[in-house]
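> no sequence on this one, just coordinates:
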């Protein structure tokens, strides 16, 4: 059970709103359901959804039980960048959901990985997320690490938590970025106007993004991006907030673009980490997807 103590400046918020502001993975609607089902308590007692929190209230959140879903292995072509008995690193294509959920029961990366790895996957991720150590958005392509056993999973999770995994992305943004290099250090939390979106929010969690200009074009900039933290939609939110939305991102810009791209031009190109079992330094790369390469070639020709 997770416990959160209410700070003085947070007092007076409705319980459901408070939970949604503190937990990235819990929407206000989900918080309401959890409160009504008794999975969120205040000082060991059930409270109404409309309860106004007080300073020093202790909010207790019971993790919801994962509902059983039969995940079928599916023979889905996927590029394997590295594999041994402990981990597998793949190049996830744009448009592929990482793990099953409502509305996406199959065709996911997990379905593909289960066909490749059979029974050798860590169970720490739960019924729906076997072996999944970190995530990429549906329309972000690139490198993902999957753990084949619990020992590897725990180690990789610790490395990510301690910012010991270097993640390098390539992004094509609208607008010409003036600085050659910059750091965006702005907290990110759930948007107060749209619960499905994230936003720069002073009450959010720390989020640090480093950007470096690779090439400037007439109306666009190609960026290398490194993230210290792994907040939901972090790169997309940060770049949009400073005025350089990623091409094709319908959620954090209007999505309109001359290239006809659906989904953001964002690719997880590089990963650097220590092998969770052997401690060997790992440095892996995945080439840009073909559509992304074609856009860059088109811009280079102009």
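Alright, I've got the coordinates. Here the structure is a predicted model, which means the values were calculated and not measured.
> go ahead and confirm residue 295 touches residue 260.
No: counting by C-beta atoms under 8 Å, residue 295 stays clear of residue 260, with 9.8 Å between them. For glycine as for every other residue, the C-beta is placed from the backbone atoms N, C-alpha and C.
> more crowded one of those two?
Neighbour totals were compared for residue 295 and residue 260, and residue 295 leads with 22 against 9 (other C-beta atoms under 10 Å).
> let me know the pLDDT of that one.
The model reports residue 295 with a pLDDT of 96.
> pretty sure it sits in a helix.
Yes: assessed with DSSP: H, G, I helix; E, B strand; the rest coil, residue 295 lies in a helix.
> show me what the helix or strand that residue 226 is a member of is packed against.
With secondary structure defined by DSSP states H and E, residue 226 is part of strand 220-227. If you count contacts as 3 or more C-beta pairs under 8 Å, 6 or more residues apart in numbering; DSSP states H and E, strand 220-227 packs onto strand 166-174, strand 208-216, helix 234-241, helix 290-301.
> let's see that with 7 Å instead.
For strand 220-227, the elements it packs on are strand 166-174, strand 208-216, helix 234-241, judged by 3 or more C-beta pairs under 7 Å, 6 or more residues apart in numbering; DSSP states H and E.
> so how far is the last one off the chain centroid?
Centre-to-centre, helix 234-241 and its host chain are 12 Å apart (C-alpha atoms, centre = their mean, to the nearest Å).
> and the next element down the chain from it?
With elements assigned by DSSP H and E, the helix or strand that comes after helix 234-241 is strand 266-274.
> and for that following strand, what's in contact with it?
Residues from elsewhere that reach strand 266-274 (C-beta atoms under 7 Å, 6 or more residues apart in numbering): 89, 136, 140-143, 145, 159, 164-171, 235, 246, 280-286, 288-289, 292.
> strand partners (parallel or antiparallel) of the strand holding residue 226?
The strands beside strand 220-227 in its sheet (DSSP bridges) come out as strand 166-174 (antiparallel), strand 208-216 (antiparallel).
> the first one to helix 290-301, inter-axis angle?
Relative orientation of strand 166-174 with respect to helix 290-301: 60 degrees, computed using axes from the mean of the first three to the mean of the last three C-alpha atoms, to 10 degrees.
> which strands and helices sit next to the helix or strand residue 143 falls within?
Following DSSP H and E, the helix or strand that holds residue 143 is strand 141-147. With contacts defined as 3+ C-beta pairs under 7 Å, 6+ apart, the packing partners of strand 141-147 are strand 87-92, helix 150-161, strand 266-274.
> number of nearby residues for the closest residue to residue 245 other than its chain neighbours?
Leaving out its chain neighbours, the residue that sits closest to residue 245 by C-beta to C-beta, 6 or more residues apart in numbering is residue 253, at 3.3 Å. Residues near residue 253, counting by other C-beta under 10 Å, number 19.
> so for the strand holding residue 143, mean pLDDT?
95.
> and that strand, how far out from the chain middle?
In terms of C-alpha atoms, centre = their mean, the centre of strand 141-147 is found 12 Å from the chain centre.
> okay, angle between that strand and strand 166-174 too, please.
Angle of strand 141-147 versus strand 166-174, following the same axes, to 10 degrees, is 160 degrees.
> who touches strand 141-147?
The contact list for strand 141-147 (C-beta under 7 Å, 6+ apart) reads 81, 87-94, 109, 113, 122, 131-134, 136, 153, 156, 267-269, 271, 284, 286, 289.
> separation between residue 281 and residue 161?
Distance of residue 281 to residue 161, given as C-beta to C-beta, to the nearest Å: 19 Å.
> so residue 95 touches residue 140, yeah?
No: between residue 95 and residue 140 there is no contact under C-beta atoms under 7 Å: 9.9 Å.
> more neighbours: which of the two?
Set side by side, residue 95 and residue 140 show more neighbours around residue 140, with 26 against 12, by other C-beta under 10 Å.
> for the more buried one, which non-adjacent residue is spatially closest?
Per C-beta to C-beta, 6+ apart, closest to residue 140 is residue 266, 4.8 Å.
> sorry, back to before: got the angle between the strand holding residue 226 and helix 234-241?
Taking the same axes, to 10 degrees, one finds strand 220-227 and helix 234-241 inclined to each other by 140 degrees.
> okay, the angle between strand 220-227 and strand 266-274?
Using the same axes, to 10 degrees: strand 220-227 against strand 266-274 is 30 degrees.
> so for residue 139, what's the nearest residue that isn't a sequence neighbour?
residue 263 is the one closest to residue 139 (C-beta to C-beta, 6+ apart), at 2.9 Å.
> what do you get for residue 145?
Counting by C-beta to C-beta, 6+ apart, the residue nearest residue 145 is residue 133, at 4.9 Å.
> still on that earlier bit, from the contacts of strand 266-274, which would you call buried?
89, 136, 140-143, 145, 159, 165, 167-171, 235, 246, 282, 286, 288, 292 (16 or more other C-beta atoms under 10 Å).
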